[in-house]
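Novice: This is the structure alone, sequence omitted:
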Ligand code: HEM
């Protein structure tokens, strides 16, 4: 049939033979040559476009996926343009991928935008598994752990909270944008940890950095066309150029700090995380000179940039959400304050040693992270070999995403999941109940959050200090908007609030 059709078109014999050969070749390749995989099911989508319409709908993707789960099951295949992506939407499939088959699922998906923003994957968070990633993750973990010994972390939290509390006292009773103050609190903690420095509320650099975080969060949205349509990389879209410029402001700030640390470095006087990275690289080079080429200065700049940005954005949004939830649930705010007043003596400030004696305060933080996971779809993983999930097959190089939001809102696990109820995380004795896979804001397995060990105590102490000293309320006559912003993120809405000092 094809032969007779071709005869009607005036083509040379050679061209006809070539076309026929190409067609037969392609049919043979797709029928017999290309391995067929039994992929997880998913909703139909047009070729090349995939589910981009669902990704741009008013229902965020993480919520949409939980709806689709009823029809397709917990592991689902969707397409982001032409990119195949397996989404995992319950604790069992997530446990299988991240824990039982952790090595198979530990890769990171590569895209043009990520490669550009990370100077060729020289960071930790977006780099694939490699000797450099392993080494950087190890030294970064050691560098952060330094803060868990003695009172180092506590001192950094005290420094940053006392500065913010002074500012809040000046604004007492007036409607304020609390996100700016929580931004300063968390930014100063990470600025202290990474560079042993601190900003003031009106420092130009602080306001510029806050702006960088705000605008990239709002702008990144559903990703970049450049990742899907390669020719665009030569003529980037206005959005790509804008984010690149904004991002460069941030990386230049980190690069300057790193450069100054390198110039003034002294083994006998290591002041912060950056000094520790420089020291760890020098030690590694002494043991194996090859390391000099594996871990370059740019790798350390990108690592500082990961810690600074991943640490600030997640933590500040979690505290912002917690304050909004406490304003809309004043009885829970009072209960936290009652626990603090009962456990601490009059005039005594909370410390990290009190954490175990403040289970309700801790449960509030956990429940806030359950109901408002700031990274609802985590970071994209990639399979490092052909593997399986349940009865399905996943080819090597497939993007895999963990729907943390679906785990946290699974109606089969959590009763009335949309209700903020910290008690659900306490056991019969009022102690924090053991952690389960259905509460997974920091993820699990080989790519789990590198900062979890410092994020949890740090957020607990910040919250305890703030609630020991202040009460947060909604301005009279106003109602609190609780609609999350973002599509791949879960951002707290901006609203003015009132802060009152507790007597
Ligand atoms: C509320 C606080 C935080 C939350 C909810 C959070 C959540 C997450 C999540 C979901 C991931 C992705 C895990 C995966 O790919 O499976 C991640 C990765 C990461 N986080 Fe956090 N994070 C928080 C705080 C921090 C802090 C304070 C730091 C650093 C000081 C940090 C540093 C990182 C890094 C470096 C990675 C990449 C790890 C890797 O790819 O090997 N995070 N985090």
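Specialist: All right, it came through fine. The structure presented is a predicted model; accordingly, all values stated were derived computationally and were not measured.
Novice: Which strand or helix spans the closest residue to residue 232 other than its chain neighbours?
Specialist: Nearest in space to residue 232, with sequence neighbours left out and distances taken as C-beta to C-beta, 6 or more residues apart in numbering, is residue 226 at 4.8 Å. Quick note: C-beta positions are derived from backbone N, CA and C, even for glycine. Using DSSP states H and E, residue 226 maps to helix 225-228.
Novice: Identify all contacting residues around that helix.
Specialist: For helix 225-228, the surrounding residues in contact (C-beta atoms under 8 Å, 6 or more residues apart in numbering) are 80, 81, 82, 83, 111, 112, 113, 232, 233, 236, 237, 240.
Novice: Which helix or strand lies directly C-terminal to it?
Specialist: Heading C-terminal from helix 225-228 (DSSP H and E), you reach helix 238-263.
Novice: Just confirm yes or no for that next one near the ligand.
Specialist: No: Helix 238-263 does not reach the ligand (C-beta under 6 Å from any ligand atom); its nearest approach is 13.6 Å.
Novice: Can you point out the buried residues in that helix?
Specialist: For helix 238-263, burial by neighbour count (16 or more other C-beta atoms under 10 Å) applies to 240, 243, 246, 247, 250, 251, 253, 254, 255, 257, 258, 261.
Novice: list the contacts for the first one?
Specialist: Taking C-beta under 8 Å, 6+ apart, we find residue 240 in contact with 113, 224, 225, 226.
Novice: Am I right that residue 401 is in a strand?
Specialist: Yes: Residue 401: assigned to a strand according to DSSP: H, G, I helix; E, B strand; the rest coil.
Novice: I figured it hits residue 378, correct?
Specialist: Yes: taking contacts as C-beta atoms under 8 Å, residue 401 lies within contact range of residue 378: 6.5 Å.
Novice: Just give the nearest non-adjacent residue to the residue of the stretch 351-500 of the chain found nearest the ligand, would you?
Specialist: In the stretch 351-500 of the chain, the residue found nearest to the ligand is residue 451; the distance is 2.1 Å by C-beta to the nearest ligand atom. Counting by C-beta to C-beta, 6+ apart, residue 451 lies nearest to residue 311, which is 5.5 Å off, once chain neighbours are set aside.
Novice: Surely residue 78 forms part of a helix?
Specialist: No: Residue 78 is assigned strand when assessed by three-state DSSP, not a helix.
Novice: List the beta-bridge partners for it.
Specialist: Counting by DSSP bridges, residue 78 is bridged to residue 85.
Novice: and it, how far is that from the ligand?
Specialist: Distance of residue 78 to the ligand, computed by C-beta to the nearest ligand atom, to the nearest Å: 18 Å.
Novice: Count the neighbours of that residue for me.
Specialist: When neighbours are counted by other C-beta atoms under 10 Å, residue 78 registers 24.
Novice: do residue 450 as well
Specialist: Residue 450 has 21 neighbouring residues, counting by other C-beta under 10 Å.
Novice: What of residue 412?
Specialist: Using other C-beta under 10 Å, residue 412 is surrounded by 9 other residues.
Novice: likewise the one 3 residues further on?
Specialist: Other residues near residue 415 come to 9 when the count uses other C-beta under 10 Å.
Novice: Could you find the closest non-adjacent residue to it?
Specialist: Spatially, and ignoring its direct neighbours in sequence, residue 415 is nearest to residue 424 (7.5 Å; C-beta to C-beta, 6+ apart).
Novice: Same check on residue 67?
Specialist: residue 59 (7.9 Å).
Novice: Just the pLDDT at the one you found, thanks.
Specialist: Residue 59 is assigned 87 on the pLDDT scale.
Novice: how much space between it and the ligand?
Specialist: Distance from residue 59 to the ligand, by C-beta to the nearest ligand atom: 21 Å.
Novice: Just give me how far the lengthiest helix in the chain sits from the chain centre.
Specialist: Counting residues, the longest helix found in the chain (DSSP state H) is helix 297-328. Computed by C-alpha atoms, centre = their mean, to the nearest Å, the chain-centroid distance of helix 297-328 equals 8 Å.
Novice: what is the mean pLDDT for stretch 148-167?
Specialist: 93.
Novice: likewise stretch 119-138?
Specialist: Here the average pLDDT along stretch 119-138 is 96.
Novice: For the ligand, give me its nearest residue in the stretch 51-200 of the chain.
Specialist: For the stretch 51-200 of the chain, the residue closest to the ligand is residue 125, as judged by C-beta to the nearest ligand atom, at 3.6 Å.
Novice: residues touching that residue, list them.
Specialist: Going by C-beta under 8 Å, 6+ apart, the list of residues near residue 125 reads 108, 306, 310, 379, 450.
Novice: how about stretch 130-144, does it reach the ligand?
Specialist: Yes: using C-beta under 6 Å from any ligand atom, stretch 130-144 reaches the ligand at 137, 144.
Novice: ok, residues contacting that stretch?
Specialist: Outside stretch 130-144, the residues that reach it (C-beta under 8 Å, 6+ apart) are 122-124, 127, 193, 273, 276-277, 280-281, 284, 291, 294-295, 299, 303, 306-307, 450-451, 453-454.
Novice: In contact with residue 300, which residues are there?
Specialist: Contacts of residue 300 by C-beta under 8 Å, 6+ apart are 258, 274, 277, 278, 281.
Novice: I should have written residue 145 there, sorry.
Specialist: residue 453.
Novice: mind listing what's buried in the host helix or strand of it?
Specialist: If you go by DSSP H and E, residue 145 is part of helix 131-145. Across helix 131-145, burial judged by 16+ other C-beta under 10 Å covers 132, 133, 135, 136, 137, 139, 140, 143, 144.
Novice: where does the residue nearest to residue 67 land in three-state SS?
Specialist: coil.
Novice: Can you report phi and psi for it?
Specialist: phi -90, psi 120 (degrees, to the nearest 10).
Novice: Quick check: it vs residue 406, distance?
Specialist: As judged by C-beta to C-beta, to the nearest Å, residue 59 and residue 406 stand 13 Å apart.
Novice: of these two, who's got more company?
Specialist: More crowded of residue 59 and residue 406, by other C-beta under 10 Å: residue 406, with 26 against 11.
Novice: after the strand or helix carrying that one, next one along is what?
Specialist: Counting by DSSP H and E, the element that carries residue 406 is helix 404-408. Next along the chain after helix 404-408, taking DSSP H and E as the criterion, comes helix 452-469.
Novice: now that next one against helix 297-328, angle please.
Specialist: With axes from the mean of the first three to the mean of the last three C-alpha atoms, to 10 degrees as the basis, helix 452-469 and helix 297-328 are set at 40 degrees to each other.
Novice: Does the residue most central in space within the chain belong to a helix, a strand or coil?
Specialist: The centroid of the chain falls nearest to residue 375 when counting by C-alpha atoms, centre = their mean (4.5 Å). Recorded secondary structure, residue 375: coil (three-state DSSP).
Novice: Please report the distance of it from residue 203.
Specialist: 28 Å.
Novice: for residue 91, same thing?
Specialist: As for residue 91, its distance to residue 203 is 43 Å (criterion: C-beta to C-beta).
Novice: Looking at these two, which one has more neighbours?
Specialist: Shown here are residue 91 and residue 203; by other C-beta under 10 Å, residue 91 has more neighbours (20 against 13).
Novice: just to revisit the earlier point, quickly find the element holding the residue of the stretch 51-200 of the chain closest to the ligand.
Specialist: For residue 125, there is no helix or strand it lies in under DSSP H and E.
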